[in-house]
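Trainee: okay, predicted coordinates and the sequence, questions at the end:
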Amino acid sequence: MHEAELIRGCGNSAAVRIASSGAELARRIRLCRGFGGKLLGLMFRSSLAEDEGALLAYGRPSKADTSIHMFFVSFPLGVFWLDSRGTVVDRVRALPWRPFYASAVPANYVLELHPTALDKLQIGDRVEFH
């Protein structure tokens, strides 16, 4: 599944759910496809509700391109790296003001959610956007 298929028809926002159970993880995911959107991510916000997040989409699998920083993010995040099919290939609890987090394996997407999502989504789970 290519980027267009994973988030086809979602416009600039989507909801995300676990494919196997249909359990919704968040209703308000901002889709960041361009350089500026990916650079900004969730910076400069004062908080993140449990039903919010961001998806940073990249054209090819990479460890370097999908690495993130937490500068100007004042709250922790549950960060999930996804392959082209939407399968979680790595995950981490990202802490505020840390300079660098990267996936252990190449990924096509970075899904940034409220840290409570770490209790719900594991490596090997697949997500869908709608």
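Mentor: Sure, I can see it.
Trainee: please name the nearest non-neighbouring residue to the spatially most central residue of the chain.
Mentor: By CA atoms, centre = their mean, the mean C-alpha position of the chain lies nearest to Leu111, the distance being 0.5 Å. Spatially, and ignoring its direct neighbours in sequence, Leu111 is nearest to Phe80 (4.3 Å; CB to CB, 6 or more residues apart in numbering). For every residue, glycine as well, the C-beta is placed using N, CA and C.
Trainee: flag the shaky bits of the protein, pLDDT-wise.
Mentor: 1-5, 8-10 (pLDDT under 70).
Trainee: switch to 90 and redo it
Mentor: 1-13, 32-46, 59 (pLDDT under 90).
Trainee: longest single helix anywhere in it?
Mentor: helix 35-40 (DSSP state H).
Trainee: how about that one: buried residues?
Mentor: Neighbour counts over helix 35-40 (16 or more other CB atoms under 10 Å) mark 37-38, 40 as buried.
Trainee: before we move on, what about stretch 109-124?
Mentor: 109-115, 117-118, 121.
Trainee: ok, Leu25 to Leu39 distance?
Mentor: 24 Å (CB to CB, to the nearest Å).
Trainee: again but with Gly11, I slipped
Mentor: Distance from Gly11 to Leu39, by CB to CB: 20 Å.
Trainee: likewise Asp51?
Mentor: Counting by CB to CB, the gap from Asp51 to Leu39 is 24 Å.
Trainee: cool, and His69?
Mentor: Distance from His69 to Leu39, by CB to CB: 10 Å.
Trainee: burial count for Arg45?
Mentor: The burial count assigned to Arg45 is 14, neighbours taken as other CB atoms under 10 Å.
Trainee: could you look up the SS state of Tyr58?
Mentor: strand (DSSP: H, G, I helix; E, B strand; the rest coil).
Trainee: need the contact list for it.
Mentor: 3, 38, 65-66, 107-110 (CB atoms under 8 Å, 6 or more residues apart in numbering).
Trainee: Ile18: which of these is nearest?
Mentor: For those, the minimum distance to Ile18 (CB to CB) is 15.1 Å, reached by Tyr109.
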